[in-house]
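*Asks:* have a look; sequence and predicted model below, questions after that.
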Amino acid sequence: MVKETLSFEEGWGNMQKGITKLKRILETKEDNFDSEQYMMLYTTIYNMCTQRAPCDYSRKLYDKYQEFIDEYLTSTVLPILRKKHDEFLLRELVIRWENHQLMIRWLQRFFNYLDRYFVTRNSLPSLKDVGLTCFFDLVYKELRTNVREVVIAFINKEREGDQIDKSLLKNVLRIFVEMDKGEKAHYENDFEIQMLENTADYYKTKAANWIEVDSCPVYMLKAEDCLRKERERVPHYLHSSTEQKLVEQVENELLITHVSQLLEKEHSGCHVLLRDDKVEDLSRMFRLYNKVPQGFDHVTSVFKKHITNEGTILVQQAEEAASNQTTSGSGIQEQVLVRKFIELHDKYMNYVNDCFMNHSQFHKALKEAFEVFCNKNVAGNPSAELLATFCDNILKKGGGSEKLTAEATEQTLEMVVKLLAYISDKDLFAEFYRKKLARRLLFDRSANVDTEKTVLTMLKQQCGGQFTSKMEGMMNDHTMAQENQMRFQNYLDFGINSHEKTGVDSLTITVLTTGFWPSYKSSNLTLPLEMAKCVEVYKNFYERDARKRKLTWIYSLGTCNISGKFEPKTIELVVSTYQAAVLLLFNTADRLTYSEIMTQLNLNHEDLVRILHSLSCAKYKLLIKEPNTKTISQNDSFEFNSKFTDRMKKIKIPLPSVDERKKIIDDVDKDRRYAIDAAIMRIMKSRKVLAHQQLVLECVEMMSRMFKPDIKVIKKRIEDLIAREYLERDKDNANTFRYLA
């Protein structure tokens, strides 16, 4: 049986019946096609596409498919949409888009054979794509501007607190995405760009009003609330890719544009929050600016500036107090200053840890701020000396003015070591600390040796082993000296004959290792017989076990307890070795001239003046001086004041102190020259040839761990090394140096 050929008019007439019903389904939501109707329509398309040419109507059907969709959109959809406005436009658009998708799905089923074979073989757009293109060209292009404006107006209403239909907006904006098959180009170009511009304008207006009337904390609360709501808006109806762009717009208008004005508000800005301990507001500030680089840098800058100002004010107050205080109170304000530095550091370190989430930039800002004022001199005292003196005040017996428990002492010293990290002249601190440590150990003034060792451990961790090597040697010497003293006491008690005894009640000698301890002034003092005998006895003891070692006696560190037999009563006198030597001369002479004392003791003029002044012109006048003036001259004569008395049974005769600061600083400067020389040679030995500027930079970097070298000093050291033929200038370039092996 021969199959009857189906004409296009007859076939399309059958399809028109199905299409008419499809329109009714879309408009009235009546029941869908049953299986029999569906098969009839499908078979019609199949037959029209499988007939032999010229009765293969595939191409005509493809064109007719597009004509139908265009006609339906033009005659039915667009007229209805054009009459709608505002929310009604959005709702109608969503309905028409859903209807359009439903229509395309049914048509795809009817035209399935056409889509699978004709479209595929001829590389034509699929029927689904044709349907999407028709909707895009006829509906979307015409309405996108109006729809965008309505959507943006709804978003602004929500920003003002009104309730809106979020699901409606989500469905509308999904159309923008689906118009580009999910690629977002139309969503971005036709909606997102304008929406972001509107967002910027909206928050620009808000920010301008808020910044004028609101305090910094209130403004930040509003900004944080706005950012939260904008982030919440995205999952409700915007595309996920919009979130970052949206947040950046809000951050720019609310946080970046007004950052200076906001953070520097006179009565509520960042410095006020820091001053008044507004932890919650500071935490909010960090949360807001943490991911905003331009603003975040400004926050850290204000933080650094605030700490610098507070620290500088503390230094100025200490300077003023030090200039007004009496000599007897000298040094108290400097000690108070260090304590305030510790409290300041604790306060702002807590801010860094708690409010600013331990962020590295705030650690850096804190460090740079403290480096500014921690390196200022106070009343002529370098900061390195202030820290060393503060430690000495805590570590010596009695604790000075710092009455602390053992735990508090350790915590305070730990904070001092942290402050040391901000001091550029760490080598100067080391020398001052070593001097004071020596006095604590030698004169038994240290409150706790274990605490001393703990501090050295802290310093070693902070500055390295070389920093504390000499101090650790001093501690070892101190321990060995105690053991040595016990052996010497046994020697005195059981090891010598009675006629070899020292003739004194007790004798304590401390042996130190040269190199570990600070350098002390030694002299060729001629000791009185009583004292000379003590020295001889100890030499005999020491040389038994250490014959190859040489003892150098430092009399300036010695102390003596002697009995002063005055007519009213006997008084125990605590004096220095030099003072004792002078007083013992009067055991055999009633009157001595200045010259006689100098000759017998072999002392220089400077030392002798200090000693005689302390014994005859100070508070305790053990010697009577003629003439009776307050100064010592070479024409003076002295006699023992037998009528001297005091209410105390034991008194200490102080020796006028010598300012050792200049000597310490000079010694450190000398050591620095050696250190710079060594650094230059290490660099040049490894590099062989190096330009001047690079050599200076590398030398500064190498030395910065211990001190900040002066560029002029480095240049002088380079010239000195050239003169000593360790380096030479390049013949072709005077600014380049060569290492000479």
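*Replies:* Now that the structure is in, tell me what you want to look at. The structure displayed is predicted, hence computed values, not measured ones.

*Asks:* quick check: buried residues in stretch 156-175?
*Replies:* Within stretch 156-175, the residues that qualify as buried are E158, R159, I164, L168, L169, N171, V172, L173, R174, I175, counting by 16 or more other C-beta atoms under 10 Å. All C-beta atoms are positioned from the backbone trio N, CA, C, and that covers glycine.

*Asks:* out of these, who's nearest L263?
*Replies:* When the buried residues of stretch 156-175 are compared for distance to L263 (C-beta to C-beta), R159 wins out at 25.1 Å.

*Asks:* just to revisit the earlier point, among the buried residues of stretch 156-175, which two are most distant?
*Replies:* Farthest pair in those, by C-beta to C-beta: R159 and I175, 22.7 Å.

*Asks:* next structured bit after whichever strand or helix holds E212?
*Replies:* Take DSSP states H and E as the rule and E212 turns out to sit in helix 193-213. Moving toward the C-terminus from helix 193-213, the next helix or strand (DSSP H and E) is helix 216-237.

*Asks:* okay, angle between that following helix and helix 193-213 too, please.
*Replies:* For helix 216-237 against helix 193-213, the angle by axes from the mean of the first three to the mean of the last three C-alpha atoms, to 10 degrees is 160 degrees.

*Asks:* poorly predicted segments of the chain, please.
*Replies:* For the chain, applying pLDDT under 70 flags the ranges 1-3, 30, 182-183, 325-331, 399-403, 495-502, 547, 741.

*Asks:* could you find the closest non-adjacent residue to the residue minimising distance to the centre of it?
*Replies:* Centroid-nearest residue in the chain, with C-alpha atoms, centre = their mean: H363, separated by 1.4 Å. For H363, ignoring the flanking residues on the chain, the nearest one in space by C-beta to C-beta, 6 or more residues apart in numbering is V352 at 6.0 Å.

*Asks:* wait, what's in contact with L127?
*Replies:* Counting by C-beta atoms under 8 Å, 6 or more residues apart in numbering, L127 touches Y65, I104, L107, Q108, F111, L114, D115, V119.

*Asks:* try it again with 7 Å
*Replies:* Neighbour list for L127: Y65, L107, Q108, F111, D115, V119 [criterion: C-beta atoms under 7 Å, 6 or more residues apart in numbering].

*Asks:* among the residues you listed, which ones are in strands?
*Replies:* Among the contacts of L127, DSSP state E puts none in strands.

*Asks:* out of these, flag the one nearest to D710.
*Replies:* If you rank those by distance to D710 using C-beta to C-beta, V119 comes first, at 84.3 Å.

*Asks:* I figured the closest one hits K128, correct?
*Replies:* No. Counting by C-beta atoms under 7 Å, V119 sits too far from K128 to count as a contact (10.1 Å).

*Asks:* that older thread, okay, and which of the buried residues of stretch 156-175 map to helices?
*Replies:* Judged by DSSP state H, these include E158, R159, L168, L169, N171, V172, L173, R174, I175 as members of helices.

*Asks:* out of those, who's nearest I651?
*Replies:* Using C-beta to C-beta, those come closest to I651 at R159, 84.7 Å.
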